[in-house]
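Q: sharing a model prediction with you, sequence too.
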Amino acid sequence: MSPAQTKGMKLNQLDVNEIYYFTRIIQAGSISEAARSLAIPKSKLSRQLSNLEKKMGVTLVKRLTRSLVMTEEGRRLYDKIGRAHV
């Protein structure tokens, strides 16, 4: 899926678990911290995020050594998720 296609993508077309984990990773500020708070392996969270990025055809976060930074696509998705829960 190209970035142009993701703009029209509806949340109900995405896996609810991957969306949940993406949200928790962003809120925690790192995959490691989110994994600790959820009591699940870091590798599972990383895999879920990678799966979501692959499905959407975009990079949602830039992974740094000890943190992460949302990309523009990641910010759009996070904002869209927030609006869906209002």
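A: Thanks, I have it. Numbers count the residues shown, from 1 in each chain.
Q: pull the contacting residues for residue 67.
A: Going by C-beta atoms under 8 Å, 6 or more residues apart in numbering, residue 67 touches 29, 30. (Glycine included, C-beta is placed from N, CA and C.)
Q: and for residue 62, the neighbour number?
A: Neighbourhood size, residue 62 [other C-beta atoms under 10 Å]: 11.
Q: confirm that it sits in a strand.
A: Yes. When DSSP: H, G, I helix; E, B strand; the rest coil is applied, residue 62 is found to be in a strand.
Q: surely it meets residue 68?
A: Yes. Under the criterion of C-beta atoms under 8 Å, residue 62 makes contact with residue 68 at 6.4 Å.
Q: between these two, what contacts are shared?
A: Residues touching both residue 62 and residue 68 by C-beta under 8 Å, 6+ apart: none at all.
Q: which of the helices or strands spans the residue nearest the centre of the chain?
A: When C-alpha atoms, centre = their mean is applied to the chain, the residue found nearest the centroid is residue 22 (3.0 Å). Per DSSP states H and E, residue 22 falls inside helix 16-28.
Q: who touches the following helix or strand past that helix?
A: Next helix or strand after helix 16-28 toward the C-terminus (DSSP H and E): helix 31-38. Here helix 31-38 makes contact (C-beta under 8 Å, 6+ apart) with 21, 24-25, 27-28, 41-42, 44-46, 49, 63, 68.
Q: quick one: mean pLDDT over the host helix or strand of residue 50.
A: Under the criterion of DSSP H and E, residue 50 resides in helix 42-56. Throughout helix 42-56, pLDDT has a mean value of 95.
Q: next: stretch 13-33.
A: 93.
Q: what do you get for stretch 75-86?
A: 81.
Q: list the buried ones in it?
A: Buried residues in stretch 75-86, counted by 16 or more other C-beta atoms under 10 Å: 76, 77, 78, 81.
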